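>>> predicted model, plus sequence, below.
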Amino acid sequence: MFLAHLPAGYLLARGLLALPGASSLPLTQQRRLLITGLIASVLPDFDYLYFELATNHSISHRAFPSHWPPSWLLIFFLVAVLACVLRQREWHGCNLFLLAGVQLHFMLDTIAGPIRWLAPFDHTRFTLFHVPRQPGWWVWSYANHFSGWLEVAFIATALWLAWHTCRQHRHPVFVSNRIHSKE
Ligand SMILES: [Zn+2]
């Protein structure tokens, strides 16, 4: 998946913020969680910079530890322990949104590209669908495949939700009625 990571991350973060425990949080905290979720949804792909600048392109950036789901489980665990030790209760929410966002990223990557879900213990590459290569620009192979239409669906749904929220509350993207009345 290429373009839909951010829109899908937005939809996931909005869904999590609608849960009973989260929807009653102060607006500033909801905003922080949403931003964390958005960043997390694209964060693993920042390893592409390293791939471009520091490697000879012999292995895919999806082979890097930053694209191993267990790496982020470890980070989640370490941050959770640190938050407990330092008594930073607010970190737990951001930590959870970070984990949810990056794992969603890997689920979406798995639809049409290989992800090593068990690395470093097992380097089997998991992919749900093989995208047949078509002649011409490689993007056309994805545009004509189910995964391309899924990307369009994520983008359209996220745009609709953001537009709908803005229209309802005349406020950027994430304000609920209840929260708005508190501020
Ligand atoms: Zn990725």
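Perfect, I can see it now. Treat the numbers as computed from the prediction; the structure is a model and nothing was measured. Residues are numbered from 1 along each chain as shown.
>>> got a pLDDT number for the residue most central in space within the chain?
Nearest to the mean C-alpha position of the chain, by C-alpha atoms, centre = their mean, lies Ser41 at 1.9 Å. What the model reports as pLDDT for Ser41 is 98.
>>> which non-adjacent residue is nearest it?
Gly9 (2.3 Å; C-beta to C-beta, 6 or more residues apart in numbering). C-beta here means a position set from N, CA and C on the backbone, and glycine is covered the same way.
>>> so the one you found, which state does it fall into?
helix (DSSP: H, G, I helix; E, B strand; the rest coil).
>>> look up phi and psi at the residue of the chain most remote from its centre.
Ranked by distance from the centre of the chain (C-alpha atoms, centre = their mean), the top residue is Pro135, with 30.8 Å. Phi and psi for Pro135, reported as degrees, to the nearest 10, are phi -60, psi 150.
>>> contacting residues for it?
For Pro135, no residue meets the contact criterion (C-beta atoms under 8 Å, 6 or more residues apart in numbering).
>>> local confidence estimate at it?
76.
>>> isn't the residue nearest to the centre of the chain right up against Met1?
No - checked against C-beta atoms under 8 Å, the pair Ser41 and Met1 is beyond contact range at 10.4 Å.
>>> what's the overlap in contacts for these two?
Common neighbours of Ser41 and Met1, using C-beta under 8 Å, 6+ apart, are Ala8.
>>> and the protein, which of its residues are near the ion?
With C-beta under 5 Å from the ion as the criterion, the chain meets the ion at residues Pro44, Asp45, Asp109.
>>> pLDDT-wise, which helix or strand of the chain ranks last?
One helix or strand of the chain scores below all others by mean pLDDT, DSSP states H and E: helix 177-182, with a mean of 47.
>>> returning to that earlier point: dump the residues of the chain next to the ion to a markdown table, plus pLDDT.
Listed next are those as a markdown table, based on pLDDT from 0 to 100:
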| residue | pLDDT |
| --- | --- |
| Pro44 | 97 |
| Asp45 | 96 |
| Asp109 | 96 |
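>>> quick one: low-confidence ranges for this protein?
170-183 (pLDDT under 70).
>>> ok, which stretches of it are helices?
Assigned helices in the chain, in chain order: 5-17, 20-23, 27-42, 47-54, 69-85, 89-112, 139-143, 146-169, 177-182 (criterion: DSSP state H).
>>> on contacts alone, who are the packing partners of the first one?
For helix 5-17, the elements it packs on are helix 27-42, helix 89-112, helix 146-169, judged by 3 or more C-beta pairs under 8 Å, 6 or more residues apart in numbering; DSSP states H and E.
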